[in-house]
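# Okay, sequence plus prediction incoming.
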Amino acid sequence: MINQHPDVITKLLNESRVIAVVGLSPKPDRPSHEVAAYLQRHGYRIIPINPASAGTSILGEHCYATLTLAAAALAEQGVQIDLVDVFRKPDQVEPIADETIAIHAKGFWLQLGIVNEVAIDKVRAAGIAVVADRCTKIDHAIRH
């Protein structure tokens with residue numbers, strides 16, 4: 001069940017500095033790109049995750065094929081992914097939830113229209129904060 005207290009949203013947005021955006025498109029007209037660019041303009045470091053664009057650069061950041069690969073590369077730089085922001089279809093979310101747990105992210109955020117109860121329950125059971133069916137850009141704009 002989606003039960004998102006506003007304090008959880010505020011805490012995630014205030015305490016996260018590095019956000020992995022899963023499904024980040026290199027195309028500027030796509031919602032994932034617009035949201036990531038907005039977050040980047042507001043001081044967050046964006047880590048693009050997109051298998052089709054892996055090895056390229058999106059928004060000036062190296063793009064990785066998976067969260068696991070990104071987390072390993074960033075760990076070598078002393079950087080931790082705080083929040084996983086997901087732009088994927090609901091039926092594609094469970095493996096991302098597993099990776100989120102494996103990399104010990106603090107938060108798991110499913111964008112507008114994305115709900116997968118199995119993934120949500122799995123991530124919550126691991127003690128990770130979850131937000132679903134909401135937009136990071138909209139929630140940030142409301143709070144800042």
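Arrived safely.
# going forward, measure contacts and count neighbours with C-alpha atoms only.
OK.
# and residue 130, helix, strand or coil?
When classified by DSSP: H, G, I helix; E, B strand; the rest coil, residue 130 comes out as strand.
# Spell out for me which residue occupies the centre of the protein.
residue 85 (1.7 Å; C-alpha atoms, centre = their mean).
# secondary structure element for that residue?
Using DSSP states H and E, residue 85 sits within strand 83-86.
# Can you give the contact residues for that strand?
Where contact means C-alpha atoms under 8 Å, 6 or more residues apart in numbering, the residues beyond strand 83-86 that reach it are 12, 16, 18-23, 93, 100, 105-111, 136.
# Filter these down to the buried ones, PyMOL style.
To isolate the buried ones among the contacts of strand 83-86 in PyMOL, judged by 16 or more other C-alpha atoms under 10 Å, type:
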select buried, resi 12+16+18+19+20+21+22+23+93+100+105+106+107+108+109+110+111+136
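# Tell me where the model's unsure across the protein.
1-4 (pLDDT under 70).
# for the chain, what spans make up the helices?
6-15, 31-41, 67-75, 94-102, 117-125, 136-143 (DSSP state H).
# Keeping just the C-alphas, turn the second one into PDB.
This points to helix 31-41. This file holds the C-alpha atoms of helix 31-41, laid out as PDB (Å, rounded to 0.1, in the frame of the first residue of the first chain):
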ATOM      1  CA  PRO A  31      10.100  13.800 -18.900                       C
ATOM      2  CA  SER A  32      13.100  11.900 -17.400                       C
ATOM      3  CA  HIS A  33      15.500  14.400 -18.900                       C
ATOM      4  CA  GLU A  34      13.500  17.400 -17.900                       C
ATOM      5  CA  VAL A  35      13.200  16.200 -14.300                       C
ATOM      6  CA  ALA A  36      16.900  15.300 -14.100                       C
ATOM      7  CA  ALA A  37      18.000  18.600 -15.500                       C
ATOM      8  CA  TYR A  38      15.800  20.400 -13.100                       C
ATOM      9  CA  LEU A  39      17.200  18.500 -10.100                       C
ATOM     10  CA  GLN A  40      20.700  19.100 -11.400                       C
ATOM     11  CA  ARG A  41      20.000  22.900 -11.600                       C
END
